[in-house]
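K.L.:
Need a 3D model of the following:
(chains A and B)
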Amino acid sequence: MLTDEKQPVLRIRNLNIWYDDKQLLRDLSFEVQQKQVTAFIGPANSGKSTLVRCINRLNDFTPNFRSTGEILFKGIHLHEATDPTSLRKQIGMVFRKPTLFRCSIYENVAYGARISGVNQSEHLDTIVETNLQKTGLWAEVENILEETPEQLATGQQQRLCIARALAVEPEVLIFDEPCGELDPIETVKIETLVRDLAGDYTLIFATNKRRQAARVSDVAGFLYSGELVEFGATERLFTNPQDDRTEQYVTGRLG
Amino acid sequence: MNSMSTRAERRQEFVLHSTSFIIFGIAIIPILNALKKTEATHIQVVSPNALSILLNDLYIVLSVGLLAILLGIVCAFYLEEWLPKTNWGRRWIESHVAILTGIPSVLYGILAISIFLSYAGTLKVIDDVPSAQNTEVIPFQRHTTLFLGEVLIFILMVMPVTIKTTQEALRSVVTPVREAAYALGASQWQVLMRHVVPIAFIRILAGGCRAMARAFATAALLIGTYIWHYTTETDGMSNRFLLFLGAALVLSVCSSTLVEIYNSIYNSNSA
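P.N.:
Presented below is the predicted three-dimensional model:
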């Protein structure tokens, strides 16, 4: 369907979001290019999570939530395109806290395939093995596939969450502060993994650690109290920021 | 803006609660009326088998209780999973459920007794079978109005408790689990069947036990009254007392066992 490589996967125009009477995002416009890592940085409560949750319509469940403006996914308006269920199969998400289901490691990874109606065990075996290998977890859990994931370390659980999200075969994968609860060693593993995945998927990465954004992303945006202050190539944003607030934030004087 | 919305909410709450109090006020009138009526009516009594009353009542409690629990669970799922929190219908039902669960089961028992007595007064009751040749004999157990009254009371008693406990059970399934499933492309139905129901199941079951316990507690009161009522003239005083005590004891044991089951499930599952 995509013939033009330059066409952006996501195009967001004049996005405004309110919760009750509080405006969380103000007039956001940007584009996300294919097979790049787009990071959003900003202090707490700057609207990073709200923004990324909008992209796969998880905010639909929040009451008193309304939005204006448009989000185009591959040129189609997000709220008109299809039902959110099939949309979320194309736009996956990894959360801050690894939340695994109460079943075996194998079943956790096979979840996405199972809800889509795949039941042949050979097919499922392949899906589980490939996706665990992609996240570098296969060697660690190969012998405990039938056990519950509770015994794994938090970092391993987070990588299992990533494997589970990858098994749905999404085009876009959203990371909402994936390293928020991890130690430095596991954080490095996740960051390396994100860099490795960038060749195959379009990644959106929300974080409040500015150095992490500098390490993993190709394009970065700085959000400050619901406003997209600056958006551009990561290197330029960190070395030559155009806005005063961006400069203050990346140098550590703000937030 | 914020203070205005809370004021509007408060006004809505006030309207909700005052309507419920008015409804209950109206409900008290027939009860008082019924009690007054029975005072004036002389009831002739026949002596049905105490055991048959007990079994009959247990049968009603179990069947109606199960029906009401099922209805309550379905209702709670609809309220919690489909209606938004801001929906006025949901708020109306929830505030009434809160009031109905707060009423002690003894009061329901009194309501049931008053209905029973008001209709028992109009029953054609006979002393002995030979004299009944010219009249139609309606056995107590098959008296439709009485039966429906009892059914209504049990539904009124069991359903709110079930709705409340089921809603609490559904809320115990935390948002991250639901969101994780939704983010993987699961539909609402799949999330419900694969995550919410398996996690909340044991708590829903426990809630059902608690609701049944309430039904049994009221049934004890009712059966006591029936036995007292129907054994006035044929049985001796001590016999009546023993029957009353026996029935009450059986049902209280049932009730407290169910409460115990509920507590143990809830405590073991709360961690």
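
K.L.:
mind checking the SS state of A:R96?
P.N.:
Remark: A:R96 carries the secondary structure label coil [criterion: DSSP: H, G, I helix; E, B strand; the rest coil].

K.L.:
list the contacts for A:Q23?
P.N.:
Under the criterion of CB atoms under 8 Å, 6 or more residues apart in numbering or on different chains, the contact partners of A:Q23 comprise A:16-17, A:226. All C-beta atoms are positioned from the backbone trio N, CA, C, and that covers glycine.

K.L.:
Go again with 10 Å.
P.N.:
For A:Q23, the set of contacting residues under the criterion of CB atoms under 10 Å, 6 or more residues apart in numbering or on different chains consists of A:16-17, A:47, A:225-227.

K.L.:
Now cross-check those against chain B and list the overlap.
P.N.:
Applying CB under 10 Å from any CB of the partner chain, the subset of those adjacent to chain B is empty.

K.L.:
what about burial for those, which qualify?
P.N.:
If you count burial by 16 or more other CB atoms under 10 Å in any protein chain shown, the buried members of those come out as A:17, A:47, A:226-227.

K.L.:
Spatially, which two of the contacts of A:Q23 are the most separated?
P.N.:
Distance extremes for the contacts of A:Q23: the farthest pair is A:N16 and A:S225 at 13.7 Å, using CB to CB.

K.L.:
so what sits against both of those two?
P.N.:
The contact sets of A:N16 and A:S225 overlap at A:23-26 (CB under 10 Å, 6+ apart).

K.L.:
Out of those, who's the most crowded?
P.N.:
Across those, neighbour numbers were computed from other CB atoms under 10 Å in any protein chain shown; A:L25 holds the maximum, 24 neighbours.

K.L.:
SS state for the closest residue to that residue other than its chain neighbours?
P.N.:
Leaving aside its sequence neighbours, A:L25 sits nearest to A:I17 (CB to CB, 6 or more residues apart in numbering or on different chains; 4.1 Å). At A:I17, secondary structure determined by three-state DSSP is strand.

K.L.:
tell me which helix or strand of the chain sits lowest on mean pLDDT?
P.N.:
I'll assume chain A. The element with the least model confidence among the helices and strands of chain A, by mean pLDDT, DSSP states H and E, is strand A:76-77, at a mean of 83.

K.L.:
Name the strands paired with that strand and say parallel or antiparallel.
P.N.:
Using DSSP bridges, the neighbouring strands of strand A:76-77 in the sheet come out as strand A:65-73 (antiparallel).

K.L.:
Mind listing what's buried along the strand it pairs with?
P.N.:
Judged by neighbour count using 16+ other CB under 10 Å, the buried positions of strand A:65-73 are A:65, A:67, A:71-73.

K.L.:
who's in contact with that strand?
P.N.:
Strand A:65-73 has contacts (CB under 10 Å, 6+ apart) with A:8-20, A:24-25, A:27-29, A:31-32, A:50-51, A:53-57, A:59, A:77-82, A:87, A:90-91, A:171-172.

K.L.:
Up against chain B, what does the stretch 101-250 of chain A have?
P.N.:
When proximity is defined as CB under 10 Å from any CB, the stretch 101-250 of chain A approaches chain B at A:101-103, A:108, A:111-112, A:114-116, A:161, A:164-165, A:167-168, A:170, A:174, A:176.

K.L.:
Pull out the buried members of these.
P.N.:
If you count burial by 16+ other CB under 10 Å, the buried members of those come out as A:101, A:108, A:111-112, A:114-115, A:161, A:164-165, A:167-168, A:170, A:174, A:176.
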